[in-house]
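Asker: curious how this folds, go ahead:
(4 chains)
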2 protein chains.
Amino acid sequence: MRKHPISLKTLAQALNVSMSTVSRALKNHPDIGPEITKKVQQLAQELQYSPNPLAMGLLKNKTRIIGVIVPDLVTYFFSSIISGIESVAEENGYYIVIRSSYESYEKEKECLENLLKLRVEGIIMCLSQETTDYTHFDHLIEEDMPLVFFDRVCRTTEVDTVVVDNQVAACHITEHFVERGYRRIAHIAGPAQLNITRERIQGYKDGLANTGLHFQDALLVHCDMSIDSATAATRQLLALPQPPNAIFGVNDTTAFAAMKEIKRQGLRIPTDVALVGFSDEFHATVVEPTLTSIMHPSFEIGQEAAHLFLKQMHTKIKMPAQQVILQTHLVIRDSTIAT
Amino acid sequence: MRKHPISLKTLAQALNVSMSTVSRALKNHPDIGPEITKKVQQLAQELQYSPNPLAMGLLKNKTRIIGVIVPDLVTYFFSSIISGIESVAEENGYYIVIRSSYESYEKEKECLENLLKLRVEGIIMCLSQETTDYTHFDHLIEEDMPLVFFDRVCRTTEVDTVVVDNQVAACHITEHFVERGYRRIAHIAGPAQLNITRERIQGYKDGLANTGLHFQDALLVHCDMSIDSATAATRQLLALPQPPNAIFGVNDTTAFAAMKEIKRQGLRIPTDVALVGFSDEFHATVVEPTLTSIMHPSFEIGQEAAHLFLKQMHTKIKMPAQQVILQTHLVIRDSTIAT
DNA sequence: AAGGTTTGCGCAAACCTTTGCGGAACTATT
DNA sequence: AATAGTTCCGCAAAGGTTTGCGCAAACCTT
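Answerer: Here you go, the predicted structure:
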């Protein structure tokens, strides 16, 4: 097996000085004479010395590790957020350890405990779909451990959060449908307990109200954001006595599933049914017809979350919880252009 | 700020015994009497004691952290591999720290050094596109640090690797085109230095040879796997005096880009040009026409890589390098069904 | 009862780094 | 020449855990 990496002791013994002298020489402490300082730095350079972060961590009780928990590692949305977090972390000398909750409340709790055992300095996370009880964050909040939620959030008065303007965006979508002449507008929403679901539903209703349309229960269906569930929801909508001629999916995956089902039933998009997604993946431009969608700044969400995190790290006193709301905008493509 | 978590010392003082006794009691050491053992374990449970991994790491020179370097965090392929690695790591009590090389050789070296500074126990990685010099792995190999490459690999006689049967798969694709009646078969390949590029080109040539077709230089173009580059490659192929009627893209992203460009030029798929991708993302079923592609077991690649890693961790002696080759298979969809 | 064995626990070192304090050797002052 | 003041460096503790060794008390043997 590999031998021990070189430590202060190695340098100290080689130069016949004490470890404290080496430690100080490395950071140009005035107490150390110029010749020794130079010799130490030279040897350190030569031997590629780098301080052991474990020892430092033990001493300072800091690991420079940020715990990140996401419901899912594979989707474009979360992976690009992770990428955003990673880029900021890296710039600031932090490491990120990622765990997936697989959309499970139990797993989410496990991940959290697990990361705390590792002694991460704080947590950046997105709630799982199942999570309705938020008491597992009590400890973190009481002990002022840095904590940031993004996208799906809770306890916003106590915890810093990064979200997008879901309500405004959903309202725009609805209004866009109306502008294009669609009147029977349905919404395939997410799980009821999520803030993003509630906000987008509210925006959907705002849009209806603004354009003088009435909200109809039958045109609002929920899904768990999986493909199968979204397909079922679409089927349910299209089977209505008066089916919708426009569908707003809670995210792009939902919209893609809806698109497949609509086509399968022999309906044309956007002639028979118009379709809009949310979060704008690259693939929105590849499907046919190309998908009108909300441009969701995922990478920036990650960056913002990391910035909030670092700000918490660097402020000693407890600040009031901050909520960063990122702007979205609607990208209009073929799935809503009635021809 | 948060106070110190509870340590062995806390327990020892509370129970008026020594830290060594607590340490041993916690692991049911026979030297410790049953009453003390019970009391210690009870209190530890109650106070939620968990050993400080930093202290353990310092002592045993182990961190239980695996460094993972990928060229890109965002694509489906890499994120699902990461997911596979994470799942196995988690089961075995390991953590993963992820870094992105952004397809850059310099960044890749940086990431490597960086992770080594963190004292990871080893590395699981995929080479960047730019990497042609492999000497930055000398240290790791000499010191027998666990190392696993996946997908894009090098130094296969020294390092464990996980790959798919690229050559066989590419051969199948070509033969499939021929079966469907296509004769002018082009290949948009990846960067020349990558093993996956070489292997897929070889398989492409095998397929041509097996079916009595001649390889033509003009029908083989390279791209850097970016959308723009793949679009340019497609344009180049379609501009040939005798353009291809079948295109095999080195991965799905390339195929999607090709698909967009083919449509843009008013050509029909698969009537005018047939198309096949490689790695089968979910979106292959959403695009129109649905994309024939090679089913790439990404999640399993990650799991296999992690298993190889753990095997290295647990064997003291140096074993000969192992190469795991995962099977793929062709999923036939509409982009190659001539109607 | 005296010897030996077992049982049960604590001391201290080791892993690596930082840092307050003490101390030796030197220079400068009176 | 003696005292005060610098300069430069080492000691030791702290952070948390494991573990070889030592040591005391209790047990068992004859």
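
Asker: how is chain A partitioned into domains?
Answerer: Following automatic domain parsing, one finds the domains of chain A at A:8-51, A:60-164+A:298-326, A:166-297+A:330-336.

Asker: so which of the ones you listed gets nearest B:Leu219?
Answerer: domain A:166-297+A:330-336 (23.9 Å; Cβ to Cβ). Backbone N, C-alpha and C define where each C-beta goes, glycine included.

Asker: now the domains of chain A as a markdown table including distance to B:Asn195 and mean pLDDT?
Answerer: Output for the domains of chain A, formatted as a markdown table (distance: least, Cβ to Cβ, whole Å; pLDDT from 0 to 100):
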| stretch | distance to B:Asn195 | mean pLDDT |
| --- | --- | --- |
| domain A:8-51 | 30 | 92 |
| domain A:60-164+A:298-326 | 24 | 95 |
| domain A:166-297+A:330-336 | 26 | 94 |
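
Asker: redo those domains as TSV? Include distance to chain B and mean neighbour count.
Answerer: Compiled in TSV, those are given as follows (distance: least, Cβ to the nearest Cβ, whole Å; neighbours: other Cβ atoms under 10 Å in any protein chain shown):
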stretch	distance to chain B	mean neighbour count
domain A:8-51	5	15
domain A:60-164+A:298-326	4	20
domain A:166-297+A:330-336	3	20
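
Asker: among those domains, which is nearest B:Glu35?
Answerer: domain A:60-164+A:298-326 (28.2 Å).

Asker: any idea whether the nearest residue to A:Lys263 once chain neighbours are set aside is helix, strand or coil?
Answerer: With Cβ to Cβ, 6 or more residues apart in numbering or on different chains as the criterion, A:Lys263 has its nearest non-adjacent residue at 7.2 Å, and that residue is A:Ile269. Secondary structure, DSSP: H, G, I helix; E, B strand; the rest coil: A:Ile269 is coil.

Asker: mind listing what A:Ile269 touches?
Answerer: A:Met259, A:Ile262, A:Lys263, A:Leu275, A:Pro289, A:Asp334, A:Ser335 (Cβ atoms under 8 Å, 6 or more residues apart in numbering or on different chains).

Asker: quick check: it vs B:Tyr204, distance?
Answerer: Distance of A:Ile269 to B:Tyr204, given as Cβ to Cβ, to the nearest Å: 36 Å.

Asker: how about the contacts made by whatever residue of the stretch 101-250 of chain A ends up closest to DNA strand C?
Answerer: Closest approach between the stretch 101-250 of chain A and DNA strand C, counting by Cβ to the nearest atom of the strand: A:Arg119, at 15.4 Å. In this structure, A:Arg119 makes contact with A:Gly57, A:Asn61, A:Thr63, A:Ile65, B:Pro5, B:Asn52, B:Pro53, B:Leu54, judged by Cβ under 8 Å, 6+ apart.

Asker: any chance of those residues in TSV, plus secondary structure?
Answerer: Formatted as TSV, the contacts of A:Arg119 follow (three-state DSSP):
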residue	secondary structure
A:Gly57	helix
A:Asn61	coil
A:Thr63	coil
A:Ile65	strand
B:Pro5	coil
B:Asn52	coil
B:Pro53	helix
B:Leu54	helix
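
Asker: and the furthest pair within those?
Answerer: Largest pairwise distance in the contacts of A:Arg119, by Cβ to Cβ, is 15.0 Å, between A:Ile65 and B:Pro5.

Asker: and the gap between the residue nearest to A:Lys263 and A:Thr21?
Answerer: 74 Å.

Asker: what strand or helix carries the closest residue to A:His136 other than its chain neighbours?
Answerer: Nearest non-adjacent residue to A:His136, counting by Cβ to Cβ, 6+ apart: A:Lys109, 5.2 Å away. Per DSSP states H and E, A:Lys109 falls inside helix A:105-117.

Asker: surely A:Glu90 meets B:Val97?
Answerer: No - A:Glu90 is not in contact with B:Val97 according to Cβ atoms under 8 Å; the separation is 10.7 Å.

Asker: look up how far DNA strand D lies from A:Arg180.
Answerer: Applying Cβ to the nearest atom of the strand, to the nearest Å, the value for A:Arg180 to DNA strand D is 63 Å.

Asker: same question for A:Ile269.
Answerer: 60 Å.

Asker: can you tell me how far that residue is from A:Thr336?
Answerer: For A:Ile269, the distance to A:Thr336 - Cβ to Cβ - is 9 Å.

Asker: which neighbours do these two have in common?
Answerer: Taking Cβ under 8 Å, 6+ apart as the contact rule, A:Ile269 and A:Thr336 both touch A:Leu275.

Asker: which SS class is A:Ile96?
Answerer: Classified using three-state DSSP, A:Ile96 is strand.

Asker: next, the contact list for it, please.
Answerer: A:Ile65, A:Ile66, A:Gly67, A:Val68, A:Ile82, A:Ile85, A:Glu86, A:Ala89, B:Val97, B:Ile98.

Asker: partner residues bridging it?
Answerer: A:Ile66 (DSSP bridges).

Asker: where along chain A do the strands fall?
Answerer: Taking DSSP state E, the strands of chain A run over residues A:65-70, A:95-100, A:122-125, A:147-150, A:160-164, A:185-189, A:220-222, A:246-249, A:274-278, A:292-295, A:323-326, A:329-331.

Asker: DNA strand D: which of these is closest?
Answerer: Of all these, strand A:65-70 comes closest under Cβ to the nearest atom of the strand, at 16.2 Å.

Asker: what's in contact with that closest one?
Answerer: Residues from elsewhere that reach strand A:65-70, judged by Cβ under 8 Å, 6+ apart: A:78, A:81-82, A:85, A:89, A:94-101, A:108, A:111-112, A:115-116, A:118-126, A:306, A:309, B:97.

Asker: going along the chain, name the helices of chain A.
Answerer: Along chain A, the segments classed as helices by DSSP state H run A:8-15, A:19-26, A:34-46, A:53-60, A:76-91, A:105-117, A:138-142, A:166-179, A:195-210, A:227-238, A:252-264, A:298-314.

Asker: list of residues touching stretch A:25-43?
Answerer: In contact with stretch A:25-43 (Cβ under 8 Å, 6+ apart) are residues A:Leu11, A:Ala14, A:Leu15, A:Val17, A:Thr21, A:Val22, A:Arg24, A:Ala44, A:Tyr49.

Asker: ok, now stretch A:76-87?
Answerer: Contact with stretch A:76-87 is made by A:66, A:68, A:70-73, A:96, A:98, A:124, A:126, A:150-151, A:251, A:279, A:281-283, A:296, A:298-306, B:73-76, B:78-79, B:98-100, as judged by Cβ under 8 Å, 6+ apart.
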